[in-house]
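A.B. asks: here's my sequence, what's the structure:
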Amino acid sequence: MSFSMPPLKAKPEAQFSGTKNCGEYEVADVMVNGLANVQAASDVPHPLMTSEVNNSRNRHNLNMTILRNTQGLHAPLRIAMELKAAKKIGHLPFLPSSNLMLETLTGRDVEIGPEDLFNQAEFRETMGQPHAMVERSLGLI
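C.D. replies: Residues are numbered from 1 along each chain as shown. Sure, this is the predicted structure:
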């Protein structure tokens with residue numbers, strides 16, 4: 001039995017790279033290098049940013065590791081199988097998917113986030129023709 005736990009402190013993914021091919025005024029030469037992408041070249045803006053972005057994945061990995069160590073390999077395999085089945089549930093192509101089963105299994109059904117308020121399916125400006133969308137998904141047209 002292994003007690004290897006995933007690390008709690010996330011390592012920063014972005015590395016700072018200095019300017020190259022500086023001109024005479026210690027400024028990057030735009031004609032040689034092109035316009036600089038500031039977001040890609042900058043360091044992580046805040047130490048908690050990478051932790052916050054990867055929070056759900058890290059929490060899931062930690063829960064699976066704890067389950068594997070306490071209950072054996074069958075528990076994480078069973079949960080992974082349920083999550084995979086919940087992701088594959090089909091619906092008619094013209095109906096929006098709520099992913100209620102997947103959110104219930106992951107515990108996101110009790111959380112309120114921006115995706116719950118904005119970009120709701122009933123407020124979309126465009127609506128496709130249901131018959132044409134089903135025929136296209138079946139390969140008839």
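A.B. asks: from now on I want contacts and neighbour counts done on CA atoms only, so please keep to that.
C.D. replies: OK.
A.B. asks: break this protein into its domains for me.
C.D. replies: Per the record, the chain has its domains at 1-88, 89-141, by automatic domain parsing.
A.B. asks: how far off centre is the last one?
C.D. replies: The one in question is domain 89-141. 17 Å (CA atoms, centre = their mean, to the nearest Å).
A.B. asks: what does stretch 76-85 give?
C.D. replies: 18 Å.
A.B. asks: ranking the domains of the chain by mean pLDDT, which is last?
C.D. replies: In terms of average pLDDT, domain 1-88 trails the rest of these, at a mean of 77.
A.B. asks: show me what counts as buried in stretch 91-106.
C.D. replies: 93, 101-103 (16 or more other CA atoms under 10 Å).
A.B. asks: excluding its backbone neighbours, what's nearest Pro76?
C.D. replies: Ranked by CA to CA, 6 or more residues apart in numbering and with sequence neighbours excluded, the top spatial neighbour of Pro76 is Met64, at 5.5 Å.
A.B. asks: three-state assignment of the one you found?
C.D. replies: Three-state assignment for Met64 (DSSP: H, G, I helix; E, B strand; the rest coil): helix.
A.B. asks: residues near it, how many?
C.D. replies: 19 (other CA atoms under 10 Å).
A.B. asks: one more: Ile66?
C.D. replies: Neighbour count of Ile66, defined by other CA under 10 Å: 16.
A.B. asks: any idea how far it is from His131?
C.D. replies: Noted for Ile66: a distance of 48 Å to His131, by CA to CA, to the nearest Å.
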